[in-house]
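Trainee: sharing a model prediction with you, sequence too.
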Amino acid sequence: MSASKMVFNVLAISFVLSMAGCGAVLVNEGSKQEPLTDGLKNPAESKPTVVVSADQKIISNFEDGSPNMNPQLYGAPAGKWNAFSYAGNTINMPFIVPGGANGTKMAAHISGTLVNKGDGSYPAFTLQGMFKDSGFFDASMFQGIQYYYKCPADDKATARRFSVTIAATLPTSNGGTCTDACYNHFGADLSTTGDWVLKTYAFSDLKRQPGWGSPVNPPDFTDHLTEIKTIEWSHNSQNTAGTYPIDYWVDEVQFF
């Protein structure tokens with residue numbers, strides 16, 4: 001074999017090995033497999049970019065007075081709102097009433113008197129937005145969530161929290177995958193505000209409460225954006241017996 005042919009063969013073998021290491025498919029020109037070589041690019045590069053309009057980011061502004069979420073919300077056009085308590089407690093109804101943020105007409109208002117017997121039932125007054133009747137909502141095209149919140153000083157809850165529930169923190173009886181020490185959702189603690197304030201959270205800002213709850217793997221909320229069940233605001237008094245006036249408002253809820 002001539003020296004020139006040997007050099008050519010070495011270069012050819014080096015090229016084949018380098019391409020194989022890149023995951024390339026090498027086929028003979030003119031063979032039935034030739035189309036496999038078309039555009040040797042990362043498939044994600046050709047994935048269409050989802051453009052979500054401003055109207056499709058709105059979860060609810062409550063302006064129509066109904067418990068329905070925004071029918072234009074991207075990925076969840078039939079979401080619903082609910083307000084509930086338990087252990088013998090009831091919330092004042094209707095919970096969608098006049099007096100919204102920024103001069104708007106309507107908002108969600110959760111109010112009433114919470115009676116806690118200190119018996120381990122942990123009653124709460126909760127506003128819940130459920131994106132789908134079954135299955136999970138995918139929020140991976142968004143970066144975070146924001147809303148207007150008002151909590152006057154007459155609210156005497158000792159614990160106030162905004163939460164996003166996911167499969168890993170919900171028990172199997174509620175459609176989740178958690179089997180022990182459930183309900184420690186990702187979220188943020190709240191406090192009294194007086195007037196309306198804007199609350200804005202990047203998804204990376206939402207954390208679980210320390211010291212309890214079944215482990216979630218991976219541990220960050222941003223790894224679970226495709227398994228969202230609900231968003232919730234909850235006021236309670238933990239397990240401390242007593243009578244607690246509850247009074248808080250939520251409005252203009254949307255993703256960004």
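Mentor: Happy to help now that I have it.

Trainee: where are the low-confidence patches of the stretch 1-150 of the chain?
Mentor: 1-49 (pLDDT under 70).

Trainee: quick one: the helices in it?
Mentor: Secondary structure of the stretch 1-150 of the chain by DSSP state H, counting those that start in this stretch: the helices cover 3-21, 54-57.

Trainee: now do the buried residues in the shortest one.
Mentor: Residues of helix 54-57 classed as buried under the neighbour-count rule (16 or more other Cβ atoms under 10 Å) are 56-57. Every residue, glycine included, has its C-beta placed from N, CA and C.

Trainee: S237: what's it in contact with?
Mentor: Contacts for S237 (Cβ atoms under 8 Å, 6 or more residues apart in numbering) come out as 114, 116, 157-159, 244.

Trainee: buried members of the residues you listed into ChimeraX, please.
Mentor: Buried residues within these, by 16+ other Cβ under 10 Å, are selected in ChimeraX with:
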select :114,116,157,244
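
Trainee: so S173: helix, strand or coil?
Mentor: Of the three states, S173 takes helix under DSSP: H, G, I helix; E, B strand; the rest coil.

Trainee: could you list every residue that touches the closest residue to G242 other than its chain neighbours?
Mentor: Closest residue in space to G242, ignoring its immediate chain neighbours: N116 at 5.8 Å, by Cβ to Cβ, 6 or more residues apart in numbering. Shown in contact with N116 (Cβ under 8 Å, 6+ apart): 87, 122-123, 236-237, 239-244.

Trainee: secondary structure and distance to D220 for those - can I get that in a markdown table?
Mentor: As requested, those are arranged in a markdown table below (DSSP: H, G, I helix; E, B strand; the rest coil; distance: Cβ to Cβ, whole Å):
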| residue | secondary structure | distance to D220 |
| --- | --- | --- |
| A87 | coil | 33 |
| Y122 | coil | 26 |
| P123 | coil | 31 |
| N236 | strand | 26 |
| S237 | coil | 30 |
| N239 | coil | 29 |
| T240 | coil | 32 |
| A241 | coil | 36 |
| G242 | strand | 36 |
| T243 | strand | 39 |
| Y244 | strand | 33 |
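
Trainee: mark which of the residues you listed are buried, thanks.
Mentor: Buried among the contacts of N116 (16+ other Cβ under 10 Å): 122-123, 236-237, 244.

Trainee: for those residues, which one is nearest G175?
Mentor: G175 lies nearest to Y122 out of the buried ones among the contacts of N116, by Cβ to Cβ, at 20.4 Å.

Trainee: quick check: that closest one touching A241?
Mentor: No. Y122 is not in contact with A241 according to Cβ atoms under 8 Å; the separation is 11.5 Å.

Trainee: G88 and N174, how far apart?
Mentor: G88 is 21 Å from N174, where distance means Cβ to Cβ, to the nearest Å.
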